[in-house]
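Dropping the sequence and predicted coords here.
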Amino acid sequence: MAGSGPEPVEILESRGAERRFGSWWRRQGARRRLALTLAPAALLVLGFLVADLTRPQPPAPAPTAWPAEHAAVTYDGYDGMSADDPSGRTAGFLVSVRNQDAATLTVVQVTVAYRGLTLRTAPRLPLAVQPGQTVHIQLIATATDCSRIPMDDELPFIDVTFRNIRAIGQESEILGDRYTSDLHRAMTVACRRGRSLKSSSADNSSIT
Amino acid sequence: MRNRSLLVLTAIAATGTLTLTACGSRASNSGSGGSGSGSTTVTIGVDAPLTGSLSALGIGIQNSVDLAVKTANKTNEVPGVTFKIEALDDKAAPQQGSLNATQLVGDSSVVGVVGPLNSGVALTMQKTFNNANLVEVSPANTNPALTQGPNWQTGTKARPFASYFRTATTDAIQGPFAAQFAFSTLGKKKVFLVDNKDAYGVGLVGTFKDEFTKLGGTVAGQDHVTSGASDFSSTVNAIKSSGADFVYFGGEYPDAAPLTKQLKAQGVNIPMIGGDGNYDPTYIKLAGTASNGDFATSVGAPVESLPSAQTFVANYKAGGYSQAYGAYGGYSYDSAWAIIEAVKAVVSANNGKLPSDPRQAVEKAMSNVNFSGVTGTVSFDQYGDATNKQLTVYGVKNGVWTTIKTGTFSG
């Protein structure tokens, strides 16, 4: 309906059009002429604004996750009592760490909260894990003070410290019922200075 | 001529207005979208305390579901289906929750419900929903019995209701994790236990106590408070005379905050440790400086730290919600999205159309839901529990909750 109105659309010679426009323009008041002069500029600015706001933005770079968020730690099983420890107080447990991030992840440290237990690992840490890779770590636990090792708690965990290019952070890994059962059985044996232990989840091979 | 000039000016004004309107819509992210003509509109119900002392948590749940619904409509997540939200206030009262469950079941457009906040409320809703095959996904219930039955602690796990799911981690993990933290990390040996007599508080204290004593800790005393009370002096006196080196509280912040405040006011400067019911900024607001040094565990990892949650956090902010998404926001969004995913699967399996009564099919589809959500991968195990089990210990430092450590259950 924009073309319909009191004055029909005309196809005019250009000079005639100029004359008609000049005549029409002079009839406008000063304020209206100012408004009409500024309007195209305002439209242009609005147009730029719209173009800028609706322009597809380049995708933001993928954030590098806090290290623990893309690390999957799973319990693989019991690894037997250590033949290298004559006191018979050392047992092994196997865990896997999978790096689900796009950046290299480093396993910096693994600890247990029990004050009567010391822990070392094989291989030694720190250990770099490439994106998409899984590494297997042997946790070698030695009972040093059996009075400070609970034998029937339900949620023992290990604290794993991870590092990536963004941060370093620790996460408690609650490895579940199988780990709990294996840990209790192994520590029961270790604290009795016993050497025979049947695993609930793996063979009874010795740590070398 | 006058008309022509007016026409020009009107066109300019209209163009400008339309342009600015377009900018506004984009910034507020509030468009509900819609899937065009011929679409079926279904409802995602919400049940949470929207008024009363726990409303800060409840409104965070409601808003987060609202955001999920708007997002699904905007992206036309399920072609031919438009989602809307119906939020009911349960006032944290089991009786009101029961009435709300009946109301939601009675609305045939409701295909799933997100909520409730309180485990005690959930216990009164489960059967009603289950009889109607109406899926219920709680972002906050932590009582293990809701999914694993009343004998879960003796190792006899049996799922009581097939329609019940949750995205939150349970107290079977939360209580023991807190006990391990208190005993091993903080080196605390004597606890005074306090609960608020409801299902959540009693259950949480039970799981904490069990693990703490197994670790070698001792219980110096135990008491119960009445929710909504303002004078906790008898409990404070009992704690004071017990010689406990910390308090473990099972309940929510409206009771926990005045208790810790009155405790410290009596010169008993020992920390209070609580569960997810304590983890809210209102706890600090109510307790003031007395809250410094207190701790709380809560479900999940801190949303702000999750790469998967960045879009949610940004969209929630852009959505202009006046209340924070709170402790359960990410889990509420994921709960709603799980229902949307189930609806999508039902539509896909039915030649692109939603069946006239989709509830049973949605319930069945929930078991296979698996997507990358705000809080990580979202899926459910054979009990209806979330497979992603994370939780975090927070501590109050200088008047703000600060992350102490996060734990992940992978067993």
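Perfect, thanks for sending it. Numbering: from 1, shown residues only, chains lettered A, B, ... in the order given.

The nearest residue to residue B:111 once chain neighbours are set aside is in what secondary structure piece?
Excluding its sequence neighbours, the residue lying closest to residue B:111 (C-beta to C-beta, 6 or more residues apart in numbering or on different chains) is residue B:42, at 4.6 Å. In short, each C-beta sits where N, CA and C put it, glycine included. Element membership for residue B:42, per DSSP states H and E: strand B:40-48.

Check residue A:170 too.
strand A:168-174.

check whether that strand contacts chain B.
Yes - Strand A:168-174 is in contact with chain B by C-beta under 8 Å from any C-beta of the partner chain, via A:170, A:171, A:172, A:173, A:174.

Pull up the pairing partners for that strand, direction included.
Its sheet considered, strand A:168-174 pairs with strand A:157-163 (antiparallel), strand B:400-409 (parallel) by DSSP bridges.

Spatially nearest residue to residue 122, not counting backbone neighbours?
Using chain A. residue A:138 (4.4 Å).

Sorry, I should have been clearer: chain B.
Closest residue in space to residue B:122, ignoring its immediate chain neighbours: residue B:141 at 4.8 Å, by C-beta to C-beta, 6+ apart.

And stretch B:377-395, end to end?
In stretch B:377-395, first residue to last residue: 27 Å (C-alpha to C-alpha, to the nearest Å).

Mind listing what's buried along that stretch?
With burial defined by 16 or more other C-beta atoms under 10 Å in any protein chain shown, the residues of stretch B:377-395 counted as buried are B:378-380, B:383-386, B:388-395.

Now, those residues that are in strands?
Judged by DSSP state E, strands contain the following of the buried residues of stretch B:377-395: B:378, B:389, B:390, B:391, B:392, B:393, B:394, B:395.

Next, count neighbours for the one residue in chain B that gets nearest to chain A.
Using C-beta to the nearest C-beta, residue B:411 is the residue of chain B that sits closest to chain A, at 1.2 Å. Residues near residue B:411, counting by other C-beta atoms under 10 Å in any protein chain shown, number 16.

Then residue B:156 would be within a helix, right?
No - counting by DSSP: H, G, I helix; E, B strand; the rest coil, one finds residue B:156 to be coil, located in no helix.

Identify the residue spatially nearest to it, adjacent ones excluded.
In space, residue B:156 is closest to residue B:149, 7.1 Å off (C-beta to C-beta, 6+ apart).

Tally up the residues packed near that neighbour, please.
Neighbourhood size, residue B:149 [other C-beta under 10 Å]: 15.

Pretty sure it sits against residue B:161.
No - using C-beta atoms under 8 Å, residue B:149 is not in contact with residue B:161; the gap is 9.7 Å.

In three-state terms, label residue B:111 for me.
On the three-state scheme (three-state DSSP), residue B:111 is labelled strand.

Please determine how far residue A:113 is located from residue B:213.
16 Å (C-beta to C-beta, to the nearest Å).

sorry, back to before: output the residues of strand A:168-174 next to chain B as TSV; include the columns distance to residue B:181, pLDDT and neighbour count.
Listed next are the residues of strand A:168-174 next to chain B as TSV, based on distance: C-beta to C-beta, whole Å; pLDDT from 0 to 100; neighbours: other C-beta atoms under 10 Å in any protein chain shown:
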residue	distance to residue B:181	pLDDT	neighbour count
A:170	13	90	18
A:171	13	92	24
A:172	8	94	24
A:173	14	95	25
A:174	12	94	26
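
farthest pair in these?
Greatest spatial distance in the residues of strand A:168-174 next to chain B: A:170 and A:174, 13.6 Å, computed using C-beta to C-beta.

what sits against the closest residue to chain B within chain A?
Closest approach between chain A and chain B, counting by C-beta to the nearest C-beta: residue A:176, at 1.2 Å. Residue A:176 makes contacts with A:75, B:409, B:410, B:411, as judged by C-beta atoms under 8 Å, 6 or more residues apart in numbering or on different chains.

didn't residue B:41 look like it was pressed against residue B:109?
Yes - counting by C-beta under 8 Å, residue B:41 touches residue B:109, with 6.7 Å between them.

Check the contact lists of those two and give me the overlap.
residue B:84.

Only the buried residues of the next helix or strand along the chain from the strand holding residue A:170, if you could.
Using DSSP H and E, the helix or strand that directly follows strand A:168-174 along the chain is helix A:177-191. Neighbour counts over helix A:177-191 (16+ other C-beta under 10 Å) mark A:178-180, A:182-191 as buried.

just stretch B:311-328 next, same as before
B:312, B:313, B:315, B:316, B:319, B:321, B:325, B:326, B:327, B:328.

Adding pLDDT and distance to residue B:352, write those residues out as JSON lines.
As requested, these are exported to JSON lines (pLDDT from 0 to 100; distance: C-beta to C-beta, whole Å):
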{"residue": "B:312", "pLDDT": "96", "distance to residue B:352": "29"}
{"residue": "B:313", "pLDDT": "95", "distance to residue B:352": "33"}
{"residue": "B:315", "pLDDT": "96", "distance to residue B:352": "28"}
{"residue": "B:316", "pLDDT": "97", "distance to residue B:352": "31"}
{"residue": "B:319", "pLDDT": "96", "distance to residue B:352": "30"}
{"residue": "B:321", "pLDDT": "97", "distance to residue B:352": "33"}
{"residue": "B:325", "pLDDT": "94", "distance to residue B:352": "33"}
{"residue": "B:326", "pLDDT": "91", "distance to residue B:352": "37"}
{"residue": "B:327", "pLDDT": "90", "distance to residue B:352": "38"}
{"residue": "B:328", "pLDDT": "94", "distance to residue B:352": "33"}
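
Could you point out which of those residues is nearest to residue B:115?
residue B:328 (9.7 Å).

hang on, isn't that closest one packed against residue B:299?
Yes - between residue B:328 and residue B:299 there is a contact at 7.5 Å, judged by C-beta under 8 Å.

Overlap in contacts, these two.
In contact with both residue B:328 and residue B:299: B:140, B:168, using C-beta under 8 Å, 6+ apart.

Contacts only, for residue B:207.
B:144, B:171, B:172, B:174, B:175, B:176.

Fine, thanks again, bye for now.
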